[in-house]
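1. Provide a 3D model corresponding to the input given below.
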Amino acid sequence: MVPRSSLKVKSVAKRVVQNLGKDVTLPERKFALEMTLGMLRTGSCNVTRIAASLGEDAKTKHILKRLDRMLMHDGLLERANEVCLTEAIRKIDEYTAIALDGGDIVHQYGRKFEHQANVRDGSSKENGIGFWLNQVTGYNESNHETFPILLSSYSAREPGFVSANEEAFGMIDQVHAKVGCLGIWVLDRGYDGGYILKHLLGRRLRFVVRMTDKRDIWVGGEKRNIREVAEGVNRRVKFSSYARFGSVKATLKFGDDEHEVTLIAYKAKRNPDVMMLLTSGWVKSTVELKRRIRAYFRRWGVEESYRFEKQGFGIEQATVRRYARFKTLLGITLLSWLVLVKINDHGKLRHEVNKAARMEKNRRKHMPRFMYYRLLLGVKNLLASIPRMLFWRHKRRSKADRQQMGQPLLPFMPKLGTTRFELEYAS
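-> The predicted model follows:
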């Protein structure tokens, strides 16, 4: 007998897949549901393991051929991004931290993957071969919830590639078209260039960007190096028991356009250098400055998201060589994570999944803020109890075969198809 909690998880996955849009064909919808449930059950992007986990009557090699053929259907990653963005709209408010950061997928031993290029491995700090990633993640400080918004991949060798800035512009515009100026964009030092700042200021978005020593700003009508200005700021405001900060009004000039910004100089006891944060507008309120500093520190939610996608779903274990198939797997990863977000929003189901995870520390004080590792483990244990994931391709037997194969419900009841004469005169 299948536990009721497992059926609830399956129903959540079905509702997520149904939101892909009306233009998605029925075979594509079924394929997305099979892959989503298989990825949640195995915790891997390996298509062979997913095919073996479905529990169908056909041989695994035939299931693998069908899934591999369906992976070539383009557009699943874009539709998954639309579904995630639609779900994120109801979570984003004025104080939500919207973090944009780049990542990487490195194939250490693969040399025949399509469009793979030189990338910088963030884990080993060395150059490798693979693909670049861009991800937008939201964080709400009120309930300590991290949720995905957008995920994309690009390569310098794929057709139509322009630059990394254009890829970032596309994601910013996609979120801005749906949520407007809500939220605070937080970006790391790789996005402190003039093109990114001009793009954000041109759309009147609130942002916090960590700056490098190479940038210049205008203070009091004079162009000065940002490090020189930050060292001279009076850090009179106490942020915590080990850190203080100060701010100064500044201006950024792009041609004839001038934009008001605020430079925040943050200094912690454990760090010898002053951290330079540039935020939009002239901010006077100390409370607002503290909120923007905290928003920047929540940017680590994106780093945790990349780690979860690599360890929880194993996106680096994807062995598909075609670039279109790899993008489709990224879309399935996004749908699988969205299923966990839906489970986390459902209080009773979240409790059942946490219980199924069988963690040693289950008290409230031991609950982590990033819940998705625990939720994924609970979903794995629940789906492991289902011998057959879906019944679309279940072979139907004829009526005569069902009568011959039919078993009595109770030992003293006759089989199906037994005549009245046999009941009366059977020895």
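2. who's in contact with the residue nearest to residue 48 when sequence neighbours are not counted?
-> Distances taken as C-beta to C-beta, 6 or more residues apart in numbering place residue 64 nearest to residue 48, at 5.9 Å, with adjacent residues excluded. To be clear about C-beta, it is placed using only N, CA and C from the backbone, and glycine gets the same treatment. Listed by C-beta atoms under 8 Å, 6 or more residues apart in numbering, the contact set of residue 64 reads 47-48, 51.
3. which other residues reach whatever helix or strand residue 228 lives in?
-> Per DSSP states H and E, residue 228 falls inside helix 226-231. Contact with helix 226-231 is made by 211, 213, 215-217, 219, 248, 250, 263, 265, 274, 276, 278, as judged by C-beta under 8 Å, 6+ apart.
4. buried only: go through those residues for me.
-> 211, 215, 217, 219, 248, 250, 263, 265, 274, 276, 278 (16 or more other C-beta atoms under 10 Å).
5. contacting residues around the second one?
-> Yep, that's residue 215 we're talking about. Contacts of residue 215 (C-beta under 8 Å, 6+ apart): 192, 225-226.
6. top strand in the protein by residue count?
-> As assigned by DSSP state E, the longest strand anywhere in the chain is strand 126-140.
7. helix or strand right after that strand?
-> Using DSSP H and E, the helix or strand that follows strand 126-140 in sequence is strand 145-154.
8. what mean pLDDT does the helix or strand that that next one is followed by get?
-> The helix or strand immediately downstream of strand 145-154 is helix 164-179, counting by DSSP H and E. Averaged across helix 164-179, pLDDT comes to 92.
9. and helix 164-179, C-alpha only, in CSV?
-> Extracted C-alpha coordinates of helix 164-179, given in CSV (Å, rounded to 0.1, in the frame of the first residue of the first chain):
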residue,chain,number,x,y,z
ALA,A,164,28.3,37.9,-20.0
ASN,A,165,26.9,41.4,-19.4
GLU,A,166,24.1,40.8,-21.9
GLU,A,167,23.2,37.5,-20.2
ALA,A,168,23.0,39.4,-16.9
PHE,A,169,20.9,42.2,-18.5
GLY,A,170,18.4,39.7,-19.8
MET,A,171,17.8,38.2,-16.3
ILE,A,172,17.5,41.6,-14.7
ASP,A,173,15.0,42.7,-17.3
GLN,A,174,13.0,39.5,-17.0
VAL,A,175,12.5,40.0,-13.2
HIS,A,176,12.0,43.7,-13.5
ALA,A,177,9.2,43.2,-16.1
LYS,A,178,7.2,41.0,-13.5
VAL,A,179,8.0,42.6,-10.1
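10. name the residues that touch that helix?
-> Against helix 164-179 from outside (C-beta under 8 Å, 6+ apart): 81, 85-86, 88-89, 92, 98, 100, 102, 132, 134, 136, 149-150, 152, 154, 185, 191, 193, 195-196, 199-200, 203, 205.
11. so which of those residues are in strands?
-> 98, 100, 102, 132, 134, 136, 149-150, 152, 154, 185.
12. what's the closest of those residues to residue 125?
-> Checking the ones in strands among the contacts of helix 164-179 against residue 125 by C-beta to C-beta gives residue 102 as the nearest, at 14.6 Å.
13. for residue 57, see how far away that closest one is.
-> Counting by C-beta to C-beta, to the nearest Å, the gap from residue 102 to residue 57 is 44 Å.
14. more crowded one of these two?
-> residue 102 (21 against 9; other C-beta atoms under 10 Å).
15. need the contact list for the closest residue to residue 305 other than its chain neighbours.
-> Closest residue to residue 305 apart from its sequence neighbours, by C-beta to C-beta, 6+ apart: residue 137 at 5.0 Å. Under the criterion of C-beta under 8 Å, 6+ apart, the neighbours of residue 137 are 98-99, 101, 146-149, 301-302, 305.
16. buried among the contacts of residue 215? Need that as a selection in PyMOL.
-> Of these, the buried ones go into a single PyMOL selection, burial set by 16+ other C-beta under 10 Å:
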select buried, resi 192+226
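17. still on that earlier bit, okay, now the sheet partners of the longest strand of the chain, with direction.
-> strand 97-106 (antiparallel), strand 117-121 (antiparallel), strand 145-154 (antiparallel) (DSSP bridges).
18. please report how far the residue nearest to residue 305 lies from residue 161.
-> 23 Å.
19. and what of residue 355?
-> Applying C-beta to C-beta to residue 355 and residue 161 gives a distance of 47 Å.
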